[in-house]
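>>> quick one, fold the following:
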Amino acid sequence: MINKCFQDAIGITALLVLLWSQACMFLKLEPFYTWFYLFTWWSYIIFIDSILYKFKGNSLIRSRGKEILILSAWSATFWFIFETVNFFVKNWYYINLPADDFLRICGIILAFATVLPGIFITSELLEISMVYKSISIKRFKFNYYVLWIFFFTGVLFALLGVTFPKVFFPLIWGSFTLTLEPILYWLGGRSLLKDMENGNPRKVLILFTSGLICGFLWEFWNYWAYSKWVYTIPYWNTGKIFEMPVAGFLGFPPFAIDCYVMYNFVCLFRKDGGWERIPHQVSYPLPRPLTTFILPLVMIVFSLAVIKNMEKYTIASHQSFVKNIPAVSSEDYAYLANKGLSRIHKFIKSCENPENLKKISKDLNRTLQTVHRWCDYALLIDFQGIGAVNFLVLKKNGIESILDLGKTNPAILLEKLPSPPARVKLWINEAKKLK
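Predicted structure coming up:
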């Protein structure tokens with residue numbers, strides 16, 4: 001009885017954390033405002049896991065505790081593979097990440113560790129429902145040559161996606177499935193193609209749906225977050241739902257399939273059946289020293305190497321502070337920090353109240369015009385995650401407010417700013433909308 005109450009308490013607590021973090025994010029309360037993604041996704045995963053345990057008597061976290069750790073590690077590794085692909089396709093970038101190096105790296109790894117658990121635990125929830133149970137297809141057999149066509153098509157899609165990303169970037173999503181599924185089929189692994197052959201498309205449909213659900217949640221929660229990602233897609237970049245163009249949601253179903261197939265491929269080289277507890281017909285377990293020491297070390301080195309390159313190419317800005325505003329002296333900053341206004345977003349909120357600005361002006365013996373200028377600077381630093389570094393370049397070129405940015409010719413800035421052209425054009429287009 002005590003054990004059951006404890007189990008229920010875990011699920012209820014996770015739900016409360018999910019709701020509380022949502023409320024605190026809107027109120028811009030730390031640490032939820034900065035770490036919103038981690039609070040929402042881990043509480044979602046734990047909450048759904050508690051539902052599964054209640055209805056099934058077993059779940060990923062409570063019954064397969066070791067597996068959630070392995071799954072999370074591979075989740076981060078897999079997403080770092082996609083981050084590597086993004087160095088070529090340049091479809092998204094990150095803004096307002098924590099300024100502290102250690103916290104930022106830990107946050108990135110913990111965030112990416114939620115991807116596979118989020119998709120898989122959502123698919124498990126769909127599994128226990130009646131959805132798609134009545135759907136079946138006629139049994140058939142995949143032709144040997146068809147499997148080779150799948151394989152080479154997957155390789156071709158991946159190569160086209162990274163070689164000519166402005167045209168073929170959508171082909172990345174699904175390319176891993178086309179490449180790895182035939183290998184799983186041939187080697188006797190857990191294969192979706194075999195499910196289709198047996199007339200059972202339910203797993204594929206559930207994964208597609210799970211991808212759409214998680215895709216919606218990713219975009220919904222990301223839209224409100226302070227530390228977030230932003231898209232710069234070459235085309236289909238209009239008609240957005242949250243940050244994502246409508247057409248972009250079509251990428252989430254094949255991405256969910258990719259994740260499932262990639263993890264099945266990894267599990268092919270393990271003794272057990274992985275997170276589903278469904279053993280492979282054939283497995284090829286690797287030597288224990290390789291899986292215990294060498295492989296984790298390779299995963300860690302690879303992940304840190306990708307993060308280092310993310311800092312160069314896809315992390316556009318870190319969280320800024322009022323001290324990053326030009327003309328704010330150390331004395332000014334000390335005063336503002338004492339008032340709880342050290343962070344840019346806190347100072348911007350204070351700028352909304354004219355009485356606050358008058359008090360700051362009086363206490364610091366600064367003209368009201370100067371304080372208003374600080375507000376313009378802060379708003380520009382915060383706008384679209386431009387950040388303090390890019391702001392200094394903008395200011396050097398006479399752009400000191402969002403209004404100034406909206407009036408700027410993109411061609412002029414492209415020569416001055418180190419940021420990619422698509423990113424700069426996005427800033428200017430969004431600034432024009434605020435006129």
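
>>> and the next element down the chain from the worst-scoring helix or strand of the chain on mean pLDDT?
Lowest mean confidence among the helices and strands of the chain (mean pLDDT, DSSP states H and E): helix 288-289, at a mean of 76. Next in sequence after helix 288-289, counting helices and strands by DSSP states H and E, comes helix 295-313.

>>> give the buried residues for that next one.
295, 303, 306-307, 310 (16 or more other CB atoms under 10 Å). Placement of C-beta: from N, CA and C, glycine included.

>>> and that helix, what's its mean pLDDT?
What helix 295-313 shows for mean pLDDT is 95.

>>> mind pulling the model confidence for residue 232?
89.

>>> that one contacts residue 92, correct?
Yes. Shown here, residue 232 and residue 92 form a contact pair, counting by CB atoms under 8 Å, at 7.0 Å.

>>> centre of this protein to the edge, which residue is at the far end?
In terms of distance from the mean C-alpha position of the chain, residue 365 ranks first, at 44.2 Å (CA atoms, centre = their mean).

>>> can you pull the contacts of that one?
Going by CB atoms under 8 Å, 6 or more residues apart in numbering, residue 365 touches no other residue.

>>> which phi and psi does it have?
phi 60, psi 40 (degrees, to the nearest 10).

>>> again with residue 366
phi -110, psi 150.

>>> show me where the stretch 51-200 of the chain has its helices.
Secondary structure of the stretch 51-200 of the chain (DSSP state H, counting those that start in this stretch): helices at 60-63, 65-89, 101-112, 115-127, 144-163, 165-168, 175-187, 192-197.

>>> any chance of JSON lines for these, columns mean neighbour count, distance to residue 373 and mean pLDDT?
JSON lines is the format used below for the helices of the stretch 51-200 of the chain (neighbours: other CB atoms under 10 Å; distance: least, CB to CB, whole Å; pLDDT from 0 to 100):
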{"stretch": "helix 60-63", "mean neighbour count": "18", "distance to residue 373": "51", "mean pLDDT": "87"}
{"stretch": "helix 65-89", "mean neighbour count": "19", "distance to residue 373": "37", "mean pLDDT": "94"}
{"stretch": "helix 101-112", "mean neighbour count": "17", "distance to residue 373": "30", "mean pLDDT": "96"}
{"stretch": "helix 115-127", "mean neighbour count": "22", "distance to residue 373": "42", "mean pLDDT": "96"}
{"stretch": "helix 144-163", "mean neighbour count": "15", "distance to residue 373": "45", "mean pLDDT": "96"}
{"stretch": "helix 165-168", "mean neighbour count": "15", "distance to residue 373": "39", "mean pLDDT": "92"}
{"stretch": "helix 175-187", "mean neighbour count": "21", "distance to residue 373": "50", "mean pLDDT": "95"}
{"stretch": "helix 192-197", "mean neighbour count": "17", "distance to residue 373": "59", "mean pLDDT": "95"}
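
>>> okay if I get those as JSON lines plus distance to residue 274?
Formatted as JSON lines, the helices of the stretch 51-200 of the chain follow (distance: least, CB to CB, whole Å):
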{"stretch": "helix 60-63", "distance to residue 274": "11"}
{"stretch": "helix 65-89", "distance to residue 274": "7"}
{"stretch": "helix 101-112", "distance to residue 274": "19"}
{"stretch": "helix 115-127", "distance to residue 274": "10"}
{"stretch": "helix 144-163", "distance to residue 274": "21"}
{"stretch": "helix 165-168", "distance to residue 274": "32"}
{"stretch": "helix 175-187", "distance to residue 274": "12"}
{"stretch": "helix 192-197", "distance to residue 274": "14"}
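
>>> and those: which comes nearest residue 379?
helix 101-112 (23.7 Å; CB to CB).

>>> could you list the low-pLDDT ranges of the stretch 301-435 of the chain?
435 (pLDDT under 70).

>>> can you give me the helices for it?
Going by DSSP H, counting those that start in this stretch, the stretch 301-435 of the chain shows helices at 330-338, 344-351, 354-364, 368-382, 387-396, 402-406, 410-414, 421-433.

>>> ok, residue 376 to residue 347 distance?
Going from residue 376 to residue 347 by CB to CB, to the nearest Å gives 12 Å.

>>> the two: which has the busier surroundings?
Neighbours per residue (other CB atoms under 10 Å) separate residue 376 from residue 347, with residue 347 holding more: 27 against 16.

>>> show the contacting residues for the spatially closest residue to the more buried one that is not a sequence neighbour.
Residue nearest to residue 347 in three dimensions, not counting chain neighbours: residue 341, with 4.6 Å by CB to CB, 6 or more residues apart in numbering. Taking CB under 8 Å, 6+ apart, we find residue 341 in contact with 322, 347, 350.

>>> dump the residue contacts of the first one.
With contacts defined as CB under 8 Å, 6+ apart, residue 322 is in contact with 328, 332-333, 336-337, 341-344, 347, 374, 378.

>>> buried by neighbour count, from those: which ones?
Here, 16+ other CB under 10 Å leaves 328, 332-333, 336, 341, 343-344, 347, 374, 378 buried among the contacts of residue 322.

>>> can you put these in a markdown table and add distance to residue 14?
Listed next are the buried ones among the contacts of residue 322 as a markdown table, based on distance: CB to CB, whole Å:
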| residue | distance to residue 14 |
| --- | --- |
| 328 | 41 |
| 332 | 42 |
| 333 | 39 |
| 336 | 37 |
| 341 | 33 |
| 343 | 28 |
| 344 | 31 |
| 347 | 34 |
| 374 | 41 |
| 378 | 36 |
